[in-house]
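*Asks:* Provided below are the primary sequence and the corresponding predicted coordinates.
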Amino acid sequence: MASANLRFARGSIEHVDKIYRCFVDCGWAYSKGEIYRFVSLASNVSVCWDDCEDKVTGVGLVTSFSADNGILDLVGMMISHPDYRRRGIAKHIFADLTATSRKQGHDLGLIATDIGAKVYEKQDFTVPPQAMRKKYQHNSVDLHQRLREYDLNLNGRLFEESDLETVLKLDRRAFGADRRAVLSAMASGTEDGTTSARVITYLDESGCATGFAVMSYTHSSMVLGPVVANSPDETVGMMAELLQQRDGRDENENKSVSMFLSGQESSLEPVLQALGFEHLATLTAMELKNLHSPSSALLDAGGLAATYVCCANPAWG
Ligand SMILES: CC(C)(COP(=O)(O)OP(=O)(O)OC[C@H]1O[C@@H](n2cnc3c(N)ncnc32)[C@H](O)[C@@H]1OP(=O)(O)O)[C@@H](O)C(=O)NCCC(=O)NCCS
């Protein structure tokens with residue numbers, strides 16, 4: 001325990017306001033609606049409280065996905081309040097979350113920032129090959145114009161409810177585990193005040209999904225991913241269609257567009273750079289050492305590594 005004032009407890013959606021406050025103080029630009037969505041879809045949330053100040057000083061959560069050989073738990077949204085760092089809060093939260101997953105026999109993985117990786121390395125987490133996630137961002141309003149000049153062969157359609165099962169099947173092959181809950185939440189496009197999403201689906205003649213892309217509209221940016229596509233051009237085509245289809249709210253017009261490329265995807269990088277995207281950060285996928293049945297989601301960046309071009313976000317793989 002770092003200090004007499006600090007207490008660790010399970011978190012829930014009742015604590016979203018206080019967790020959101022902690023994210024604001026950390027400078028992480030998630031809206032309350034986004035935090036609500038992360039917490040409500042999590043299987044385990046661990047929170048550190050300063051009871052004297054009645055505030056959340058650290059948080060981390062686990063989202064669970066069922067894979068062929070068991071459950072994959074991804075740890076995400078790990079932060080400590082800047083006034084409380086280097087006092088063991090993250091270490092304690094991480095140990096608590098991973099102990100629960102290990103007890104349940106789940107595989108464990110995560111996608112780390114550079115500083116986060118320093119915490120997890122000490123807890124037996126290692127970096128598998130092909131484990132990078134490159135974050136690219138475009139801040140300029142001329143992206144729409146640039147995409148118009150790009151030679152696109154657009155044949156996707158906006159997601160319909162009847163696409164869900166075929167999209168989930170494709171995503172499972174690409175990601176390596178079932179993301180029904182998070183993809184359904186994204187595809188529903190439910191407004192929670194600040195977050196909505198659009199999904200575009202490419203279907204073959206028999207109605208099977210051959211590709212799909214999700215664009216989430218957060219209060220600060222538009223995030224493209226997950227994307228399963230067969231070529232860089234198809235990815236850019238999906239992006240163009242989704243930007244044209246954005247929900248019509250003017251405030252989205254000037255938002256940046258960002259995406260996380262999965263470890264094996266490099267052919268998209270020159271295309272993104274030509275469009276004016278910048279490489280902002282490189283995150284690292286990590287997993288627990290000595291897993292008996294390591295999940296393909298993190299080890300191989302997806303079973304269809306050549307076509308799985310864009311990840312969802314660090315908490316959802
Ligand atoms: C990463 C973060 C959660 C660590 O929180 P914390 O409560 O300060 O971490 P702890 O005090 O539990 O540190 C545990 C160990 O991690 C390592 N560590 C933590 N912060 C570090 C830093 N800035 N530089 C080097 N090592 C660091 C140390 O080895 C530390 O052990 P020590 O204090 O005995 O040396 C916090 O810095 C943070 O919120 N950063 C911004 C958000 C972020 O990047 N989150 C990670 C997402 S994957």
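*Replies:* Thanks, I have it.
*Asks:* drop to CA atoms for contacts and neighbour counts, all remaining ones
*Replies:* Will do.
*Asks:* any stretches of this structure with poor pLDDT?
*Replies:* Scanning the chain for pLDDT under 70 picks out the ranges 1-4, 129-130, 150-154, 189-195, 245-253, 264-265, 289-308.
*Asks:* contact residues of it facing the ligand?
*Replies:* With Cα under 6 Å from any ligand atom as the criterion, the chain comes near the ligand at residues 78-80, 85-91, 112-113, 115-116, 118-119.
*Asks:* hang on, Ser216 packs against Val227?
*Replies:* No: assessed by Cα atoms under 8 Å, Ser216 is found out of contact with Val227, at 11.8 Å.
*Asks:* who has more neighbours, those two?
*Replies:* More neighbours surround Val227 than the other of Ser216 and Val227, with 30 against 25 (other Cα atoms under 10 Å).
*Asks:* that one in helix, strand or coil?
*Replies:* What DSSP: H, G, I helix; E, B strand; the rest coil gives for Val227 is strand.
*Asks:* ok, the one 10 residues further on next?
*Replies:* Here Gly237 is helix, with the state taken from three-state DSSP.
*Asks:* for Val75, same thing?
*Replies:* Under three-state DSSP, Val75 comes out as strand.
*Asks:* please name the bridge partners of it.
*Replies:* Listed by DSSP bridges, the beta-bridge partners for Val75 are Val62, Leu110.
*Asks:* and the helix or strand harbouring Ile79, what other elements does it pack with?
*Replies:* Element membership of Ile79 [criterion: DSSP states H and E] is strand 70-80. Applying 3 or more Cα pairs under 8 Å, 6 or more residues apart in numbering; DSSP states H and E, we find strand 70-80 packed against helix 16-26, strand 55-67, helix 89-103, strand 107-112.
*Asks:* could the ones you listed be laid out in a markdown table, adding distance to Cys311 and mean neighbour count?
*Replies:* Listed next are the helices and strands packed on strand 70-80 as a markdown table, based on distance: least, Cα to Cα, whole Å; neighbours: other Cα atoms under 10 Å:
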| stretch | distance to Cys311 | mean neighbour count |
| --- | --- | --- |
| helix 16-26 | 22 | 19 |
| strand 55-67 | 15 | 24 |
| helix 89-103 | 23 | 18 |
| strand 107-112 | 11 | 25 |
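*Asks:* from Lys32, how far out is Ala181?
*Replies:* From Ala181 across to Lys32, the span is 19 Å (Cα to Cα, to the nearest Å).
*Asks:* mind listing what His81 touches?
*Replies:* Applying Cα atoms under 8 Å, 6 or more residues apart in numbering, one finds that His81 lies in contact with Cys22, Phe23, Asp25, Cys26, Val56, Thr57, Gly58.
*Asks:* pretty sure the second one contacts Ala29?
*Replies:* Yes: Phe23 lies in contact with Ala29 (Cα under 8 Å); the separation is 7.3 Å.
*Asks:* ok, residues contacting the helix or strand where Arg133 lies?
*Replies:* Using DSSP H and E, Arg133 sits in strand 132-138. Strand 132-138 is contacted by residues 111, 256-263, 276-285, 311 when judged by Cα under 8 Å, 6+ apart.
*Asks:* quick one, which of those residues are buried?
*Replies:* Neighbour-count burial (16 or more other Cα atoms under 10 Å) applied to those gives 111, 256-263, 276-279, 282-285, 311.
*Asks:* element containing the closest residue in space to Gly109 that isn't next to it in sequence?
*Replies:* Closest residue to Gly109 apart from its sequence neighbours, by Cα to Cα, 6 or more residues apart in numbering: Glu287 at 4.2 Å. Assigned by DSSP H and E, Glu287 belongs to strand 278-288.
*Asks:* next, the angle from that strand to strand 132-138.
*Replies:* Here strand 278-288 runs at an angle of 150 degrees relative to strand 132-138 (axes from the mean of the first three to the mean of the last three Cα atoms, to 10 degrees).
*Asks:* which residues sit against stretch 144-151?
*Replies:* For stretch 144-151, the external contacting residues (Cα under 8 Å, 6+ apart) are Val236, Ala240, Leu243, Leu275.
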